[in-house]
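**Student:** Got a predicted model here, sequence first, then my questions.
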Amino acid sequence: MPSVTHDDAPPLADLMPWSVAPPRLGRGWPTAPDPASLKARWDALVKAEGPDREALFEPTRSRTLHTAVGQLPGRSGGTERLVRAAGPCPEPVRVLAAPFDEQWLIPDHRLIDAARPELWRVADDRQVFVVESPEVPGSPLLATSLLPLLRPGRIRPLYRRPGGAEPNLAPGLPAHLERLGLSPDPVDFLAWTLTAVRPDLTVPLTRDPGLWARGVESGRRALWLLRRAGERPKLPGGRRPYVRAPLPAHPLTLHYDREEETLRLDEGRVSPVPPEAWDFEAGAGVRVLERWFAARTAEGAEPGTLAAIRPAAWQQTWTSELLELITVLALLAEVRGQRAEWEVTDPVSAAELRAAGVLPVPDSARRPASVLDHHEEGPEGQFALL
């Protein structure tokens with residue numbers, strides 16, 4: 001265990017002070033594991049009229065067919081009220097719907113009860129969203145390049161502005177790290193945080209450059225796996241999971257054979273699947289692979305609803321995603337297993353950061369930056385003035 005007490009380690013909420021509540025959809029049908037289903041659901045909605053359209057939409061106090069809202073920043077969804085909406089579906093975007101489960105979302109502000117536009121304004125290929133996820137065993141944080149929909153934890157963007165500008169770090173923290181001989185790079189800080197963060201979301205810092213470098217190296221590997229960016233991950237020794245027996249069109253059951261390291265989807269077989277991948281949990285007693293499979297095969301949607309519009313058969317893209325997910329989970333389990341091999345020495349306490357003027361952070365650092373460099377379309381096609 002790290003030698004510094006929890007009371008001495010600074011909280012993540014002070015080190016990355018700007019945070020946003022997770023988006024709240026208010027209805028499940030605007031998300032799906034495949035984009036074609038979303039386009040079919042949209043078509044069914046706009047073809048329906050009167051009470052039928054209202055029933056399909058599933059109105060809430062925040063959103064009805066008559067609610068007037070602007071576009072999501074950076075998106076091209078319509079702004080006329082949904083009661084009159086027509087035309088094609090806004091192009092679905094990738095989102096992180098659950099821990100390690102990448103799905104698709106119709107990016108239309110009219111469909112989402114609380115979309116958190118401040119997140120959409122800073123979402124780009126440089127951004128990393130840090131998600132507080134205390135329910136995930138082994139690490140209370142996830143990181144993703146996709147817009148996260150996970151609840152209930154706060155979301156802390158790494159950057160306050162698009163293009164990787166203005167790190168979401170306590171003012172003065174990068175300079176203090178540099179004075180200690182540590183890298184002030186925001187990605188390196190995030191990598192250290194992923195490695196060192198505790199369940200209570202405090203982050204012990206070290207003044208030992210060697211330990212910092214090892215923690216950053218481990219965290220950067222975890223970050224690469226979580227973001228799934230760049231070169232595809234591979235298991236060591238040339239091992240890779242592949243389909244040994246074709247997956248059925250409508251798999252109903254998922255079973256793991258630990259001795260054979262084989263994942264069975266009915267009569268379909270995938271191997272080798274390391275036990276670490278199968279045992280990886282997304283919550284207390286909830287395996288990631290089981291939740292991921294259920295999201296693509298569950299038949300619980302009520303007939304006649306938009307959520308009931310689903311693929312007629314197992315998608316080939318899901319097979320590819322499953323093989324990559326198995327690899328990612330196995331490699332992440334290895335990275336997390338190494339965390340117990342070291343402890344934070346020569347710690348930097350919260351008291352030291354207060355003495356250096358890094359803490360407390362100003363209130364402005366907890367609020368979003370002004371990032372508008374273009375017009376945003378408001379309700380009924382009017383321009384929004386922010």
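**Tutor:** Sure thing, it's come through. Keep in mind that this is a model prediction, so the values were computed, not measured.

**Student:** check contacts around the closest residue in space to residue 77 that isn't next to it in sequence.
**Tutor:** Ranked by CB to CB, 6 or more residues apart in numbering and with sequence neighbours excluded, the top spatial neighbour of residue 77 is residue 108, at 3.7 Å. In short, each C-beta sits where N, CA and C put it, glycine included. When contacts are counted by CB atoms under 8 Å, 6 or more residues apart in numbering, residue 108 touches 30, 72, 75, 77-78, 90.

**Student:** again, but for residue 205
**Tutor:** 9-10, 177, 192, 196, 344, 347-348.

**Student:** Swap in 10 Å and give it another go.
**Tutor:** 4, 9-10, 15, 173, 176-177, 180, 182, 189, 192-193, 196, 212, 215, 344, 346-350, 352-353 (CB atoms under 10 Å, 6 or more residues apart in numbering).

**Student:** So the closest residue in space to residue 147 that isn't next to it in sequence, which state does it fall into?
**Tutor:** Once flanking residues are discounted, residue 147 sits nearest to residue 95: 4.9 Å by CB to CB, 6+ apart. Counting by DSSP: H, G, I helix; E, B strand; the rest coil, the backbone at residue 95 sits in strand.

**Student:** Show me where the stretch 101-250 of the chain has its helices.
**Tutor:** Assigned by DSSP state H, counting those that start in this stretch, the helices in the stretch 101-250 of the chain fall at 117-121, 173-179, 186-196, 209-227.

**Student:** what's the first-to-last distance across stretch 97-117?
**Tutor:** Counting by CA to CA, to the nearest Å, you get 17 Å between the two ends of stretch 97-117.

**Student:** quick one: buried residues of it?
**Tutor:** Applying a neighbour-count criterion of 16 or more other CB atoms under 10 Å, one finds 97-112, 115-117 buried in stretch 97-117.

**Student:** Separate out the buried members of the contacts of residue 205.
**Tutor:** 4, 9-10, 15, 173, 176-177, 180, 182, 189, 192-193, 196, 212, 215, 344, 347-350, 352-353.

**Student:** can you list the domain ranges for the protein.
**Tutor:** 12-170+223-231+345-384, 237-341 (automatic domain parsing).

**Student:** Could you export these as a markdown table, including distance to residue 201 and mean pLDDT?
**Tutor:** Shown next, in a markdown table, are those (distance: least, CB to CB, whole Å; pLDDT from 0 to 100):
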| stretch | distance to residue 201 | mean pLDDT |
| --- | --- | --- |
| domain 12-170+223-231+345-384 | 5 | 92 |
| domain 237-341 | 16 | 94 |
